[in-house]
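[1] For reference, the sequence and a predicted model appear below.
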Protein chains: 2
Amino acid sequence: MNGPMQRRTTIKDVAEAAGVGVATVSRVLSGGSASAQTRERVLAAAARLDYHPSALGRNLRRQRTGGIGLLIPDITDAFYAKLTDGVLSCARSYGEPVTVGVTGDDPEREAELIGALIEQSMDRVIAVPSRDGETAGETWAPALRAGLNVVFADRRVRADVPSVVADDAAGVLTAMEYLIGLGHRKIAFLARHGQSRRVAAFTDALTSLGVPADRGLVVHARASRDSAYAAVAGLLQNRPDVTALLAGGNVLGEAAVLAARELDVRIPKDVSLIMFDDVPWAELCSPPLTVVARPAQDLGYRAAELALRQGRRPRTVALPTELVVRASCGPRSR
Amino acid sequence: MNGPMQRRTTIKDVAEAAGVGVATVSRVLSGGSASAQTRERVLAAAARLDYHPSALGRNLRRQRTGGIGLLIPDITDAFYAKLTDGVLSCARSYGEPVTVGVTGDDPEREAELIGALIEQSMDRVIAVPSRDGETAGETWAPALRAGLNVVFADRRVRADVPSVVADDAAGVLTAMEYLIGLGHRKIAFLARHGQSRRVAAFTDALTSLGVPADRGLVVHARASRDSAYAAVAGLLQNRPDVTALLAGGNVLGEAAVLAARELDVRIPKDVSLIMFDDVPWAELCSPPLTVVARPAQDLGYRAAELALRQGRRPRTVALPTELVVRASCGPRSR
DNA sequence: AACTATGATGGAATCGTTTCCATGAACGGT
DNA sequence: ACCGTTCATGGAAACGATTCCATCATAGTT
């Protein structure tokens, strides 16, 4: 019904119109050598016919799809949205399209998506691998075998894959210094499953600062809002002795604020709260939240850079975090 | 250094291994007819060689790239992030990859991205077109000419393109009914540039409810946080007579809360505030914000459905909004 | 028993591009 | 004037899949 669907104009049409061979057209269009006269004729013909080269043909010949695959746990999470923004902005400056997939932190879905990427002959992937490494070996083996250029972001789960991460340990340490300086001793850490590295940093920081670590004060939750809320509420009810909380992500932090409000625990009067990730609402919250800011956008940008630059060797870069002090922490009161 | 980069296994390898022709392999793998015996042999060979068909080859032959292009103004905006999530979730159930681009609400960047999509031979696009239509004609003409299957989301700027939008007018009307019921008369609307449809709905709602519309009470801002803040602050300082605000998006709402706090205007005591879009932080805010919730995720899902179903005709679907009353509105006090 | 209908099968063309290679012209040096 | 070098140029071969078409065998019909 759409009228005679016109055939796409191909390089052959241009060659014919310009009276040259297809090879010459290809050369001119991709900056090869040609006489000024032919170059002009070809360019004119291409413009006249509104010719756009087909990425399909090119990629098939070149044996690679340009473009970047991006795998993240949850696009709805402000942190990953920002990271995605960083990747997109870098990719744009290289003119590379980005294909996004959400894994939901599920290794199985992750594996599926990797398969799809390979099928698409994508040759560059940036991923926030699901969990902290337990299954990463097998999950990512096919991708590496297929010759994909993989860069991990936010988490580092294999030594042989370059990674761009935030310096979580330093962030945790600063936060602990701050809380301990305020007199807190019973500090709990709300962790997402798989944040083993951060948990380790937490206990290390505490012991290095002379505070005995209490294993019961590390509680785990899945990435969902429900799970986070349940974990926080449980902690708050079971351990009235905790006076400070470190939330390992903005979803956890959100849950903490909500649960505290529900249980009539006041922040910062009853418990102090520090949250990972500086999201817009941290400032709008009541009280405004003190946060460990990670450079989400930069993380994505640098990862994309690493993926796009080809002459790089497996190196992992760690970006600094920053403690943004607002009003959710106070001196110990009980 | 990576060892001898193994050549990808092709359909030819499988054919050879199974002792059949390539045509047969293709047929078996795409569900065509074949004898049980050959089918088994081919499948076994494919599995043994770990064969994955190349999307490149297939697409070139089929003259189309599967997959969906998604163009949104800003992935960092919680509303668009959710919409994106909806698109991804629908696409996943069809096994289609999604390529995301951000336009920044800039028609020029939009046009660039459309060009890239065409070059990729994408045949399905979901887009939140930049602005409200002024330039949409020319911007989208090449895409339609190239035979792309375009679906607009969130905004409807061309009658010949199916669109999935929220019923903004109804949302605005309900909000106005609520505010006027609380006694407010001087109500301002903070609009993003290009929300002409919503502005019209705003004035219509006011007049239909018997309140004279004041053109000075509609202020415009660009999509950025800075611009939004400036617009709100200006309004609050110039028009101390306004007693209620309707913010046309979550970025505007954020700016409103921030500016009000800065200028010592208390919500809801001094001015009432209703914001478009129910974002997680609306509940965490102080006070919790009353919002016009649009079904962001559904919008994306339905748009993707429309784009993927082929036997559809240009129709636009409008999804209902919901007024979620929290604590940011009170009776008129001055 | 001959002939047709049916179904499985493989060869080859095709999609649009890049790139290798051969060809021929122009040019400069001896 | 001859030869070697350089350079522009076009033909043709990939790349990996799908699909048309011809071929052949087998089963079914008269």
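    Now that the structure is in, tell me what you want to look at. Residues are numbered from 1 along each chain as shown, chains lettered A, B, ... in the order given.

[2] Could you use CA atoms for every contact and neighbour count after this?
    Fine.

[3] now the angle from the helix ranked longest in chain A to helix B:78-94?
    Identified as the longest helix of chain A according to DSSP state H is helix A:78-94. With axes from the mean of the first three to the mean of the last three Cα atoms, to 10 degrees applied, the angle from helix A:78-94 to helix B:78-94 works out at 80 degrees.

[4] Just the C-alphas of helix A:78-94, formatted as CSV.
    Only the C-alpha atoms of helix A:78-94 are listed here, as CSV (Å, rounded to 0.1, in the frame of the first residue of the first chain):
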residue,chain,number,x,y,z
ALA,A,78,19.8,6.3,38.5
PHE,A,79,23.4,5.2,38.8
TYR,A,80,23.3,2.9,35.8
ALA,A,81,21.3,5.4,33.8
LYS,A,82,24.1,7.9,34.3
LEU,A,83,26.7,5.4,33.5
THR,A,84,24.8,4.6,30.3
ASP,A,85,24.7,8.3,29.5
GLY,A,86,28.5,8.4,29.8
VAL,A,87,28.8,5.4,27.4
LEU,A,88,26.4,7.0,24.9
SER,A,89,28.1,10.3,25.0
CYS,A,90,31.5,8.8,24.2
ALA,A,91,30.2,6.5,21.6
ARG,A,92,28.5,9.4,19.9
SER,A,93,31.8,11.2,19.4
TYR,A,94,33.0,8.1,17.6
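
[5] Now that helix: average pLDDT?
    Mean pLDDT, computed over helix A:78-94, is 96.

[6] Only alpha carbons, please: show the helix or strand of chain A with the lowest mean pLDDT as PDB.
    Ranked by mean pLDDT, DSSP states H and E, the weakest helix or strand in chain A is helix A:136-145, scoring a mean of 85. Output in PDB follows, covering the C-alpha atoms of helix A:136-145 (Å, rounded to 0.1, in the frame of the first residue of the first chain):
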ATOM      1  CA  ALA A 136      31.600 -14.800  35.600                       C
ATOM      2  CA  GLY A 137      34.200 -17.300  34.400                       C
ATOM      3  CA  GLU A 138      31.800 -19.500  32.400                       C
ATOM      4  CA  THR A 139      29.400 -16.700  31.600                       C
ATOM      5  CA  TRP A 140      32.000 -14.700  29.800                       C
ATOM      6  CA  ALA A 141      34.100 -17.400  28.400                       C
ATOM      7  CA  PRO A 142      32.100 -17.600  25.100                       C
ATOM      8  CA  ALA A 143      32.400 -13.900  24.600                       C
ATOM      9  CA  LEU A 144      36.200 -13.900  25.000                       C
ATOM     10  CA  ARG A 145      36.500 -17.000  22.800                       C
END
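
[7] Mind listing what's buried along it?
    Neighbour-count burial for helix A:136-145 flags A:136, A:139-140, A:143 (criterion: 16 or more other Cα atoms under 10 Å in any protein chain shown).

[8] Quick check: chain neighbours aside, which residue is closest to the residue of chain A found nearest chain B?
    Nearest to chain B, among the residues of chain A, is A:Thr99, at 4.1 Å (Cα to the nearest Cα). Of all residues not flanking A:Thr99 in the chain, B:Thr99 sits nearest, at 4.1 Å (Cα to Cα, 6 or more residues apart in numbering or on different chains).

[9] what does A:Ala259 give?
    Once flanking residues are discounted, A:Ala259 sits nearest to A:Ala233: 5.6 Å by Cα to Cα, 6+ apart.

[10] If you average the pLDDT over stretch A:114-129, what comes out?
    Mean pLDDT, computed over stretch A:114-129, is 91.

[11] What of stretch A:51-58?
    92.

[12] And for stretch A:261-271?
    Rounded mean pLDDT across stretch A:261-271 is 92.

[13] Buried residues of that stretch, list them for me.
    In stretch A:261-271, the ones that count as buried by 16+ other Cα under 10 Å are A:265, A:267-268, A:270-271.

[14] Same question for stretch A:169-185.
    For stretch A:169-185, burial by neighbour count (16+ other Cα under 10 Å) applies to A:169-180, A:184-185.

[15] Any chance of those residues in CSV with pLDDT, secondary structure and distance to B:Val218 as columns?
    Converted to CSV, the buried residues of stretch A:169-185 look like this (pLDDT from 0 to 100; DSSP: H, G, I helix; E, B strand; the rest coil; distance: Cα to Cα, whole Å):
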residue, pLDDT, secondary structure, distance to B:Val218
A:Ala169, 94, helix, 48
A:Ala170, 95, helix, 47
A:Gly171, 96, helix, 44
A:Val172, 95, helix, 46
A:Leu173, 95, helix, 48
A:Thr174, 96, helix, 46
A:Ala175, 96, helix, 44
A:Met176, 95, helix, 47
A:Glu177, 95, helix, 48
A:Tyr178, 96, helix, 45
A:Leu179, 96, helix, 46
A:Ile180, 94, helix, 50
A:His184, 94, coil, 49
A:Arg185, 92, coil, 52
